[in-house]
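A.B. asks: coords please:
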Amino acid sequence: MSQPLPPPVEPQIGAAIEPQPGIMEIALYEAGTATLSGRSDVLKLSSNENPFGPSEKAREAVARAAHQMHRYPSTDHARLRAAIAEVHGLDPDRIICGVGSDEIIHFLCQAYAGPGTEVLFTEHGFLMYRISAMAAGATPVAAPERERVTDIDALIAAATPATRLIFVANPNNPTGTMIELAELERLAAAVPQAILVIDAAYAEYVGGDYDGGAELASRLPNVVMTRTFSKLYGLGGLRVGWGYGPRAVIDVLNRIRGPFNLSNVALDGAEAAVRDRAHAEHARAENARLRGWLASALTERGVPSDPSHANFILARFADAATAEACDASLRDEGIIVRRVASYGLPACLRITVGDEASCRRVAHVIGQFMATRDAETAP
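C.D. replies: Numbering: from 1, shown residues only. The predicted structure follows:
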(Lines give C-alpha, C1' and ligand atoms only; values in the text may rest on other atoms or scores of the structure.)
Protein backbone atom coordinates (compact mmCIF):
# COMPACT_ATOMS: atom_id res chain seq x y z
CA MET A 1 0.00 0.00 0.00
CA SER A 2 1.45 3.34 -1.00
CA GLN A 3 2.33 5.84 1.65
CA PRO A 4 0.37 9.13 1.75
CA LEU A 5 2.12 12.09 0.25
CA PRO A 6 3.50 14.67 2.66
CA PRO A 7 1.65 17.98 2.84
CA PRO A 8 2.71 20.40 0.09
CA VAL A 9 5.31 22.99 0.98
CA GLU A 10 5.09 26.41 -0.61
CA PRO A 11 8.36 26.91 -2.49
CA GLN A 12 10.43 29.89 -1.47
CA ILE A 13 11.36 32.03 -4.46
CA GLY A 14 14.89 33.25 -4.20
CA ALA A 15 15.98 36.80 -4.90
CA ALA A 16 17.44 35.71 -8.25
CA ILE A 17 14.04 34.59 -9.60
CA GLU A 18 12.41 37.87 -10.47
CA PRO A 19 10.43 39.14 -13.47
CA GLN A 20 11.89 41.72 -15.77
CA PRO A 21 11.91 45.27 -14.36
CA GLY A 22 8.55 46.98 -14.77
CA ILE A 23 6.44 43.83 -15.18
CA MET A 24 4.98 44.01 -11.67
CA GLU A 25 4.05 47.65 -12.27
CA ILE A 26 1.57 46.64 -14.98
CA ALA A 27 -2.03 46.92 -13.83
CA LEU A 28 -3.99 43.83 -14.84
CA TYR A 29 -6.36 44.40 -17.74
CA GLU A 30 -9.97 44.13 -16.63
CA ALA A 31 -12.41 42.98 -19.29
CA GLY A 32 -16.03 44.04 -19.32
CA THR A 33 -18.06 42.29 -16.63
CA ALA A 34 -20.14 39.41 -18.00
CA THR A 35 -22.15 38.12 -15.04
CA LEU A 36 -24.11 39.39 -12.05
CA SER A 37 -24.41 37.34 -8.89
CA GLY A 38 -27.82 35.74 -8.52
CA ARG A 39 -29.08 36.68 -11.99
CA SER A 40 -29.44 34.58 -15.11
CA ASP A 41 -31.22 37.19 -17.26
CA VAL A 42 -28.23 39.50 -17.68
CA LEU A 43 -28.07 41.96 -20.57
CA LYS A 44 -24.36 42.38 -21.31
CA LEU A 45 -23.49 45.71 -22.93
CA SER A 46 -19.96 45.99 -21.57
CA SER A 47 -17.65 44.50 -24.23
CA ASN A 48 -18.77 46.00 -27.57
CA GLU A 49 -19.90 42.65 -28.93
CA ASN A 50 -22.05 42.32 -32.04
CA PRO A 51 -25.59 41.57 -30.75
CA PHE A 52 -26.36 39.67 -33.97
CA GLY A 53 -23.43 37.31 -33.48
CA PRO A 54 -21.38 35.73 -36.29
CA SER A 55 -22.80 34.94 -39.70
CA GLU A 56 -24.36 31.58 -40.36
CA LYS A 57 -21.61 30.89 -42.88
CA ALA A 58 -18.99 31.43 -40.18
CA ARG A 59 -20.86 29.06 -37.84
CA GLU A 60 -20.95 26.40 -40.54
CA ALA A 61 -17.23 26.82 -41.25
CA VAL A 62 -16.41 26.45 -37.56
CA ALA A 63 -18.52 23.27 -37.33
CA ARG A 64 -16.66 21.76 -40.29
CA ALA A 65 -13.29 22.76 -38.90
CA ALA A 66 -14.07 21.02 -35.62
CA HIS A 67 -13.56 17.71 -37.43
CA GLN A 68 -9.92 18.67 -38.05
CA MET A 69 -8.96 19.69 -34.53
CA HIS A 70 -6.35 16.93 -34.41
CA ARG A 71 -4.49 18.57 -37.30
CA TYR A 72 -2.02 21.40 -36.91
CA PRO A 73 -3.22 24.63 -38.53
CA SER A 74 -1.56 26.50 -41.36
CA THR A 75 1.53 28.38 -40.29
CA ASP A 76 1.25 31.09 -42.95
CA HIS A 77 -2.52 31.76 -42.76
CA ALA A 78 -2.45 31.99 -46.56
CA ARG A 79 -6.17 31.39 -47.18
CA LEU A 80 -7.32 33.89 -44.56
CA ARG A 81 -4.83 36.50 -45.76
CA ALA A 82 -6.02 35.99 -49.34
CA ALA A 83 -9.66 36.45 -48.28
CA ILE A 84 -8.86 39.63 -46.33
CA ALA A 85 -6.85 40.97 -49.26
CA GLU A 86 -9.64 40.20 -51.73
CA VAL A 87 -12.33 41.91 -49.67
CA HIS A 88 -10.28 45.00 -48.83
CA GLY A 89 -8.21 45.31 -52.02
CA LEU A 90 -4.87 44.75 -50.28
CA ASP A 91 -1.62 42.87 -50.86
CA PRO A 92 -1.83 39.54 -48.98
CA ASP A 93 1.94 39.50 -48.51
CA ARG A 94 1.65 42.60 -46.34
CA ILE A 95 -0.92 41.07 -43.97
CA ILE A 96 -0.14 39.38 -40.65
CA CYS A 97 -2.74 37.53 -38.58
CA GLY A 98 -2.79 37.26 -34.83
CA VAL A 99 -4.78 36.29 -31.75
CA GLY A 100 -6.96 39.37 -31.94
CA SER A 101 -5.43 42.72 -32.83
CA ASP A 102 -4.07 42.67 -29.24
CA GLU A 103 -1.40 40.20 -30.33
CA ILE A 104 -0.37 42.42 -33.26
CA ILE A 105 -0.03 45.33 -30.82
CA HIS A 106 2.11 43.14 -28.57
CA PHE A 107 4.28 42.03 -31.53
CA LEU A 108 4.92 45.65 -32.47
CA CYS A 109 6.02 46.58 -28.96
CA GLN A 110 8.14 43.45 -28.65
CA ALA A 111 9.84 44.10 -31.98
CA TYR A 112 10.29 47.87 -31.97
CA ALA A 113 10.15 49.09 -28.35
CA GLY A 114 12.25 48.30 -25.31
CA PRO A 115 14.28 49.84 -22.49
CA GLY A 116 15.24 53.43 -23.26
CA THR A 117 12.45 53.90 -25.79
CA GLU A 118 8.98 55.41 -25.54
CA VAL A 119 5.55 54.31 -26.75
CA LEU A 120 3.10 57.16 -27.31
CA PHE A 121 -0.71 57.10 -27.26
CA THR A 122 -3.63 59.33 -26.32
CA GLU A 123 -4.82 59.80 -22.74
CA HIS A 124 -8.07 57.86 -23.24
CA GLY A 125 -6.55 55.24 -25.53
CA PHE A 126 -6.96 51.46 -25.36
CA LEU A 127 -5.36 50.08 -22.18
CA MET A 128 -3.35 47.44 -24.07
CA TYR A 129 -1.05 50.12 -25.49
CA ARG A 130 0.33 50.87 -22.03
CA ILE A 131 0.41 47.21 -21.00
CA SER A 132 2.28 46.05 -24.13
CA ALA A 133 4.73 48.95 -23.90
CA MET A 134 5.58 48.14 -20.29
CA ALA A 135 5.84 44.42 -21.06
CA ALA A 136 8.54 45.30 -23.59
CA GLY A 137 10.38 47.48 -21.06
CA ALA A 138 9.50 50.71 -22.85
CA THR A 139 8.19 53.88 -21.24
CA PRO A 140 4.48 54.56 -21.92
CA VAL A 141 3.64 58.19 -22.66
CA ALA A 142 0.07 59.54 -22.79
CA ALA A 143 -0.67 62.73 -24.74
CA PRO A 144 -3.74 64.83 -23.89
CA GLU A 145 -6.86 64.72 -26.02
CA ARG A 146 -9.05 67.67 -26.88
CA GLU A 147 -12.53 67.12 -25.45
CA ARG A 148 -12.15 63.34 -25.85
CA VAL A 149 -10.89 63.65 -29.44
CA THR A 150 -7.37 62.74 -30.59
CA ASP A 151 -5.16 65.84 -30.72
CA ILE A 152 -2.45 65.41 -33.35
CA ASP A 153 -0.57 68.52 -32.26
CA ALA A 154 -0.45 67.19 -28.69
CA LEU A 155 0.93 63.88 -29.94
CA ILE A 156 3.58 65.63 -32.02
CA ALA A 157 4.56 67.77 -29.03
CA ALA A 158 4.81 64.68 -26.80
CA ALA A 159 7.05 62.79 -29.23
CA THR A 160 10.79 62.68 -28.53
CA PRO A 161 13.81 61.10 -30.26
CA ALA A 162 13.09 58.05 -28.06
CA THR A 163 9.57 57.57 -29.46
CA ARG A 164 9.41 54.32 -31.42
CA LEU A 165 5.67 53.60 -31.64
CA ILE A 166 2.57 55.80 -31.69
CA PHE A 167 -0.82 54.14 -31.20
CA VAL A 168 -3.95 55.95 -32.34
CA ALA A 169 -7.32 54.20 -32.32
CA ASN A 170 -9.56 55.67 -35.01
CA PRO A 171 -12.42 55.49 -34.07
CA ASN A 172 -11.18 55.60 -30.52
CA ASN A 173 -12.17 53.26 -27.71
CA PRO A 174 -13.79 54.17 -25.32
CA THR A 175 -14.78 57.58 -26.68
CA GLY A 176 -16.12 56.59 -30.13
CA THR A 177 -14.67 59.77 -31.64
CA MET A 178 -12.42 59.89 -34.70
CA ILE A 179 -10.28 62.23 -36.78
CA GLU A 180 -9.54 62.61 -40.50
CA LEU A 181 -6.92 60.39 -42.11
CA ALA A 182 -5.11 63.51 -43.34
CA GLU A 183 -4.37 64.33 -39.72
CA LEU A 184 -2.88 60.88 -39.17
CA GLU A 185 -0.72 61.32 -42.25
CA ARG A 186 0.52 64.60 -40.78
CA LEU A 187 1.46 62.78 -37.58
CA ALA A 188 3.37 60.07 -39.46
CA ALA A 189 5.34 62.73 -41.35
CA ALA A 190 6.11 64.70 -38.19
CA VAL A 191 7.57 61.73 -36.30
CA PRO A 192 9.41 59.71 -38.97
CA GLN A 193 11.52 57.72 -36.49
CA ALA A 194 8.38 56.08 -35.08
CA ILE A 195 5.85 53.62 -36.46
CA LEU A 196 2.35 55.06 -36.40
CA VAL A 197 -0.07 52.25 -35.60
CA ILE A 198 -3.64 53.03 -36.63
CA ASP A 199 -5.85 50.80 -34.51
CA ALA A 200 -8.91 50.39 -36.73
CA ALA A 201 -10.79 47.80 -34.68
CA TYR A 202 -14.03 49.74 -35.21
CA ALA A 203 -13.40 50.90 -38.79
CA GLU A 204 -16.22 48.82 -40.26
CA TYR A 205 -18.77 50.77 -38.23
CA VAL A 206 -17.79 54.11 -39.77
CA GLY A 207 -19.31 53.40 -43.16
CA GLY A 208 -18.71 55.35 -46.34
CA ASP A 209 -15.27 55.05 -47.91
CA TYR A 210 -13.31 54.95 -44.65
CA ASP A 211 -10.57 52.33 -45.07
CA GLY A 212 -9.21 52.41 -41.53
CA GLY A 213 -5.86 53.71 -42.74
CA ALA A 214 -5.17 50.96 -45.27
CA GLU A 215 -4.12 53.38 -48.00
CA LEU A 216 -1.70 55.13 -45.65
CA ALA A 217 -0.24 51.80 -44.58
CA SER A 218 0.15 50.89 -48.25
CA ARG A 219 1.95 54.10 -49.13
CA LEU A 220 3.94 55.24 -46.11
CA PRO A 221 6.99 53.42 -44.70
CA ASN A 222 6.12 54.05 -41.03
CA VAL A 223 2.38 53.29 -40.85
CA VAL A 224 0.75 50.01 -39.79
CA MET A 225 -3.00 49.39 -39.56
CA THR A 226 -4.54 46.82 -37.21
CA ARG A 227 -8.02 45.29 -37.52
CA THR A 228 -10.09 42.67 -35.72
CA PHE A 229 -12.78 40.05 -36.27
CA SER A 230 -14.07 40.53 -32.71
CA LYS A 231 -16.43 43.43 -33.37
CA LEU A 232 -18.45 43.63 -36.62
CA TYR A 233 -17.85 39.98 -37.48
CA GLY A 234 -18.94 38.72 -34.05
CA LEU A 235 -15.94 36.42 -33.52
CA GLY A 236 -14.69 37.71 -30.18
CA GLY A 237 -14.62 34.18 -28.81
CA LEU A 238 -12.33 32.95 -31.61
CA ARG A 239 -9.74 35.72 -31.14
CA VAL A 240 -8.64 36.68 -34.65
CA GLY A 241 -7.07 39.95 -35.72
CA TRP A 242 -4.78 41.18 -38.43
CA GLY A 243 -2.33 43.90 -39.33
CA TYR A 244 -1.30 45.53 -42.59
CA GLY A 245 1.79 47.58 -43.34
CA PRO A 246 5.16 47.80 -45.07
CA ARG A 247 6.57 44.42 -46.04
CA ALA A 248 9.72 45.07 -44.02
CA VAL A 249 7.68 45.60 -40.85
CA ILE A 250 5.42 42.60 -41.47
CA ASP A 251 8.51 40.45 -42.05
CA VAL A 252 9.88 41.51 -38.65
CA LEU A 253 6.60 40.74 -36.88
CA ASN A 254 6.35 37.29 -38.49
CA ARG A 255 9.78 36.43 -37.07
CA ILE A 256 8.43 36.63 -33.52
CA ARG A 257 4.96 35.26 -34.25
CA GLY A 258 4.32 31.74 -32.99
CA PRO A 259 4.00 29.37 -35.96
CA PHE A 260 0.59 28.03 -34.86
CA ASN A 261 -0.87 31.10 -33.17
CA LEU A 262 -4.30 30.64 -34.80
CA SER A 263 -6.30 27.42 -34.75
CA ASN A 264 -8.00 25.72 -37.69
CA VAL A 265 -11.35 26.70 -36.18
CA ALA A 266 -10.36 30.37 -35.90
CA LEU A 267 -8.85 30.53 -39.39
CA ASP A 268 -11.83 28.91 -41.13
CA GLY A 269 -14.38 30.90 -39.15
CA ALA A 270 -12.68 34.19 -39.92
CA GLU A 271 -12.34 33.40 -43.62
CA ALA A 272 -16.05 32.61 -43.92
CA ALA A 273 -16.95 35.71 -41.90
CA VAL A 274 -14.98 38.19 -43.98
CA ARG A 275 -16.45 36.78 -47.19
CA ASP A 276 -20.05 37.05 -45.94
CA ARG A 277 -20.59 40.68 -46.92
CA ALA A 278 -24.36 40.55 -46.55
CA HIS A 279 -24.20 39.71 -42.84
CA ALA A 280 -21.52 42.33 -42.23
CA GLU A 281 -23.55 45.04 -43.96
CA HIS A 282 -26.69 44.11 -42.03
CA ALA A 283 -24.84 44.36 -38.72
CA ARG A 284 -23.25 47.68 -39.72
CA ALA A 285 -26.54 49.23 -40.87
CA GLU A 286 -28.44 48.13 -37.77
CA ASN A 287 -25.68 49.46 -35.54
CA ALA A 288 -25.77 52.85 -37.27
CA ARG A 289 -29.55 53.05 -36.90
CA LEU A 290 -29.66 51.99 -33.26
CA ARG A 291 -26.57 53.98 -32.28
CA GLY A 292 -28.29 57.15 -33.44
CA TRP A 293 -31.50 56.21 -31.67
CA LEU A 294 -29.77 55.38 -28.37
CA ALA A 295 -27.67 58.55 -28.37
CA SER A 296 -30.76 60.69 -29.01
CA ALA A 297 -32.82 58.84 -26.39
CA LEU A 298 -30.18 59.33 -23.72
CA THR A 299 -29.68 62.99 -24.63
CA GLU A 300 -33.42 63.53 -24.15
CA ARG A 301 -33.02 61.99 -20.70
CA GLY A 302 -30.20 64.36 -19.75
CA VAL A 303 -27.26 62.11 -20.63
CA PRO A 304 -25.20 63.50 -23.54
CA SER A 305 -22.52 61.75 -25.56
CA ASP A 306 -20.04 62.69 -28.26
CA PRO A 307 -20.89 61.61 -31.83
CA SER A 308 -19.78 57.96 -31.95
CA HIS A 309 -18.44 56.20 -35.02
CA ALA A 310 -18.21 52.77 -33.36
CA ASN A 311 -20.65 50.24 -31.89
CA PHE A 312 -20.94 51.94 -28.53
CA ILE A 313 -21.60 55.35 -27.05
CA LEU A 314 -19.82 57.06 -24.17
CA ALA A 315 -22.58 58.34 -21.89
CA ARG A 316 -21.47 61.40 -19.89
CA PHE A 317 -22.80 62.27 -16.44
CA ALA A 318 -22.37 65.30 -14.20
CA ASP A 319 -19.73 63.61 -12.04
CA ALA A 320 -18.23 60.26 -11.07
CA ALA A 321 -20.72 59.71 -8.26
CA THR A 322 -23.67 60.04 -10.64
CA ALA A 323 -22.07 57.68 -13.16
CA GLU A 324 -21.45 55.09 -10.44
CA ALA A 325 -25.00 55.43 -9.12
CA CYS A 326 -26.42 54.98 -12.61
CA ASP A 327 -24.23 51.92 -13.12
CA ALA A 328 -25.57 50.49 -9.86
CA SER A 329 -29.16 51.10 -11.00
CA LEU A 330 -28.48 49.36 -14.29
CA ARG A 331 -27.00 46.37 -12.50
CA ASP A 332 -30.04 46.20 -10.25
CA GLU A 333 -32.04 45.73 -13.45
CA GLY A 334 -29.67 43.08 -14.80
CA ILE A 335 -27.86 45.38 -17.27
CA ILE A 336 -24.06 45.48 -17.42
CA VAL A 337 -22.28 48.42 -19.06
CA ARG A 338 -18.61 49.41 -18.80
CA ARG A 339 -17.21 51.75 -16.21
CA VAL A 340 -14.29 53.62 -17.73
CA ALA A 341 -12.59 55.29 -14.78
CA SER A 342 -9.47 53.28 -15.67
CA TYR A 343 -9.43 55.17 -18.97
CA GLY A 344 -9.45 58.50 -17.15
CA LEU A 345 -13.20 58.96 -17.63
CA PRO A 346 -14.74 58.43 -14.16
CA ALA A 347 -17.90 60.43 -14.99
CA CYS A 348 -18.75 58.26 -18.01
CA LEU A 349 -20.20 54.86 -18.83
CA ARG A 350 -19.49 53.07 -22.11
CA ILE A 351 -22.61 51.38 -23.46
CA THR A 352 -22.51 48.83 -26.29
CA VAL A 353 -25.17 49.30 -28.96
CA GLY A 354 -27.24 46.14 -28.68
CA ASP A 355 -30.29 45.06 -30.64
CA GLU A 356 -33.41 47.23 -30.59
CA ALA A 357 -34.93 45.64 -27.50
CA SER A 358 -31.66 46.08 -25.61
CA CYS A 359 -31.31 49.72 -26.60
CA ARG A 360 -34.87 50.48 -25.51
CA ARG A 361 -34.36 48.67 -22.23
CA VAL A 362 -31.14 50.49 -21.28
CA ALA A 363 -32.60 53.87 -22.29
CA HIS A 364 -35.69 53.21 -20.14
CA VAL A 365 -33.66 52.31 -17.05
CA ILE A 366 -31.31 55.29 -17.42
CA GLY A 367 -34.33 57.53 -17.97
CA GLN A 368 -35.90 56.30 -14.75
CA PHE A 369 -32.63 56.81 -12.88
CA MET A 370 -32.23 60.38 -14.14
CA ALA A 371 -35.85 61.26 -13.34
CA THR A 372 -35.50 59.95 -9.79
CA ARG A 373 -32.19 61.74 -9.33
CA ASP A 374 -33.62 65.03 -10.61
CA ALA A 375 -36.59 64.72 -8.28
CA GLU A 376 -34.31 64.07 -5.30
CA THR A 377 -32.05 67.04 -6.06
CA ALA A 378 -34.83 69.51 -6.93
CA PRO A 379 -35.03 72.49 -4.54
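
A.B. asks: for residue 62, the count of nearby residues, please.
C.D. replies: When neighbours are counted by other CB atoms under 10 Å, residue 62 registers 21. (Glycine included, C-beta is placed from N, CA and C.)

A.B. asks: for the stretch 51-200 of the chain, which segments count as helices?
C.D. replies: Listed from the start of the chain, the stretch 51-200 of the chain has helices (DSSP state H, counting those that start in this stretch) covering 56-65, 78-88, 100-112, 127-135, 152-158, 181-190.

A.B. asks: how about residues contacting the third one?
C.D. replies: The set of residues external to helix 100-112 that reach it, using CB atoms under 8 Å, 6 or more residues apart in numbering, is 96, 98, 119, 128-129, 132-133, 135-136, 138, 164-165, 167, 195, 197, 199, 201, 224, 226-228, 230, 239-243, 252-253, 255-257, 261.

A.B. asks: highest mean neighbour count out of the helices of the stretch 51-200 of the chain?
C.D. replies: The highest mean neighbour count among the helices of the stretch 51-200 of the chain belongs to helix 100-112 (a mean of 23), with neighbours defined as mean count of other CB atoms under 10 Å.

A.B. asks: just want the angle from that one to helix 127-135.
C.D. replies: 30 degrees (axes from the mean of the first three to the mean of the last three CA atoms, to 10 degrees).

A.B. asks: give me the distance between residue 225 and residue 96.
C.D. replies: Separation of residue 225 from residue 96 (CB to CB, to the nearest Å) stands at 11 Å.

A.B. asks: which one's more surrounded, the two?
C.D. replies: residue 225 (28 against 24).

A.B. asks: direction included, what does whatever helix or strand the more buried one lives in pair against?
C.D. replies: Using DSSP states H and E, residue 225 maps to strand 223-228. For strand 223-228, the paired strands and their directions (DSSP bridges) are strand 195-199 (parallel), strand 241-244 (antiparallel).

A.B. asks: contacts for that strand, please.
C.D. replies: Defining contact as CB under 8 Å, 6+ apart, one finds that strand 223-228 is touched by 100-101, 104-105, 108, 184, 188, 195-201, 203, 212-214, 216-217, 240-246, 249.

A.B. asks: now do the buried residues in that strand.
C.D. replies: Of the residues in strand 223-228, 223, 224, 225, 226, 227, 228 count as buried by neighbour count, 16 or more other CB atoms under 10 Å.

A.B. asks: what's the answer for stretch 370-379, then?
C.D. replies: Along stretch 370-379, the positions that meet the burial threshold by neighbour count (16+ other CB under 10 Å) are 370, 373.
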